[in-house]
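Participant: what's the 3D shape of this:
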Amino acid sequence: MDATNGAPRDMIPTRLLQGQKALVTGANSGIGKATAIGLGRAGADVVVNYVADREAAEKVVAEIASFGVRAAAYEADVSQEDQVVAMTDRMVQEFGTIDILVANAGLQRDAPVTEMTLAQWQKVLDVNLTGQFLCAREATKEFRRRGVVPEVSRSAGKIVCMSSVHQVIPWAGHVNYASSKGGVQMMMQTLAQELAPDRIRVNAVAPGAIRTPINRAAWETPEAEEELLRLIPYDRVGEPDDIAHAVVALASDLMDYVVGTTLYVDGGMTLFPGFATGG
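Facilitator: Numbering: from 1, shown residues only. Next comes the predicted model:
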């Protein structure tokens, strides 16, 4: 990929996370896929979580394994407590421990507020917010059990919550999604405050407009992309690898003093570009 138009994968240092074990939820497509591959490229062993399409997950595993690290695909619905507990226990048994959790799994069920069903509201909150809480809770148990291993990392564990610019930008017609991401922001900050004394670092990445299947309609035609670019001062749509690079950096000891921070990876979308020429 041309560095002027996107995010080349080979920017990631190959040994930055060597010896660490990472779990990425929702990792068989989109941002999760790019993140899992980026962590593998950086030297981590990676568990690729998925809830559907095992074939896609296995393809991600194969690409990660090509870097000379371990990888495996685990099926689990992150909104289900028993499945999260089983997935985490299995990872500790098979990989020895967990050093990095990327709580990425998320979805949308869009509708105007008067047409949104309780099921649509609840599904998004269950996956996007409760799912992150459950995964963070179980990972934290392992981080505390194991403690800091200095030759692996300066931290006992790293949690990266995948949020969105919509934790601060309201989004009409998407009240469930925006509410879930606003919740992720406060959950992340509260966990960071609680867990920092244990040398567990909790942070978040908030993507803006990224080329993924979840928002294909917003960028797949020239007309749609032109409209979208009006919201992005940097004048390009983000790529999944842009997010992967941010996650790898936050998970590494390069960011050891970064705690409770949201890194916005949005090309300036949160700069209120409508005010660039007045206001």
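Participant: close enough to count as contact, Ala76 and Asn49?
Facilitator: Yes - taking C-beta atoms under 8 Å as the definition, Ala76 is a contact partner of Asn49 at 5.8 Å. C-beta: built from backbone N, CA, C; applies to glycine.
Participant: Overlap of the contact sets of those two?
Facilitator: 25, 87 (C-beta atoms under 8 Å, 6 or more residues apart in numbering).
Participant: More neighbours: the two, which one.
Facilitator: Asn49 (30 against 23; other C-beta atoms under 10 Å).
Participant: ok but that one is inside a helix, no?
Facilitator: No - counting by DSSP: H, G, I helix; E, B strand; the rest coil, Asn49 falls outside a helix, being strand.
Participant: For it, give me its contacts.
Facilitator: 23-27, 32, 73-76, 78, 87, 105.
Participant: which ones among these are found in strands?
Facilitator: 23-24, 73-75 (DSSP state E).
Participant: Could you pull out the helices in the stretch 51-200 of the chain for me?
Facilitator: 54-65, 81-95, 118-125, 131-146, 175-195 (DSSP state H, counting those that start in this stretch).
Participant: and Leu191, how far is that from Val51?
Facilitator: 23 Å (C-beta to C-beta, to the nearest Å).
Participant: Narrow the ones in strands among the contacts of Asn49 to just the buried residues.
Facilitator: Buried members of the ones in strands among the contacts of Asn49, scored by 16 or more other C-beta atoms under 10 Å, are 23-24, 73-74.
Participant: The longest strand along the chain pairs with which strands, parallel or anti?
Facilitator: The residue-count maximum for a strand in the chain (DSSP E) belongs to strand 200-207. Applying DSSP bridges, strand 200-207 is found paired with strand 157-162 (parallel), strand 262-265 (parallel).
Participant: How far does the first one sit from its chain's centre?
Facilitator: How far strand 157-162 lies from its chain's middle: 8 Å, per C-alpha atoms, centre = their mean, to the nearest Å.
Participant: So which residues lie in contact with that strand, not counting its own?
Facilitator: Where contact means C-beta under 8 Å, 6+ apart, the residues beyond strand 157-162 that reach it are 31-32, 98-104, 106, 132, 136, 139-140, 142-143, 146, 184, 187-188, 191, 195, 200-205, 207, 243, 247, 250-251.
Participant: again, only this time at 6 Å
Facilitator: For strand 157-162, the surrounding residues in contact (C-beta atoms under 6 Å, 6 or more residues apart in numbering) are 100-104, 132, 136, 143, 184, 188, 200-205, 247, 250-251.
Participant: just to revisit the earlier point, tell me the angle of the longest strand of the chain relative to helix 131-146?
Facilitator: 150 degrees (axes from the mean of the first three to the mean of the last three C-alpha atoms, to 10 degrees).
Participant: The very next helix or strand once past strand 200-207 packs against which elements?
Facilitator: For strand 200-207, the following helix or strand on the C-terminal side (DSSP states H and E) is helix 222-229. For helix 222-229, not one helix or strand is in contact under the criterion 3 or more C-beta pairs under 6 Å, 6 or more residues apart in numbering; DSSP states H and E.
Participant: The worst-scoring helix or strand of the chain on mean pLDDT: what's the following helix or strand?
Facilitator: For the chain, counting by mean pLDDT, DSSP states H and E, helix 222-229 ranks last in confidence among helices and strands (a mean of 90). Downstream of helix 222-229, the first helix or strand assigned by DSSP H and E is helix 240-251.
Participant: Can you verify my assumption that Val152 contacts Leu17?
Facilitator: No - using C-beta atoms under 6 Å as the test, Val152 is too far from Leu17 to be in contact (9.3 Å).
Participant: More neighbours: the two, which one.
Facilitator: More crowded of Val152 and Leu17, by other C-beta under 10 Å: Leu17, with 29 against 17.
Participant: for the more buried one, helix, strand, or coil?
Facilitator: Under the three-state scheme (three-state DSSP), Leu17 adopts coil.
Participant: State the number of residues packed around Trp171.
Facilitator: Neighbours of Trp171 using other C-beta under 10 Å come to 14.
Participant: swap in the one 5 residues further on?
Facilitator: Neighbourhood size, Asn176 [other C-beta under 10 Å]: 23.
Participant: same thing with Glu138?
Facilitator: 22.
Participant: That one and Thr190, how far apart?
Facilitator: Look at Glu138 and Thr190: by C-beta to C-beta, they are 17 Å apart.
Participant: same question, Val248
Facilitator: Distance, Val248 to Thr190, by C-beta to C-beta: 25 Å.
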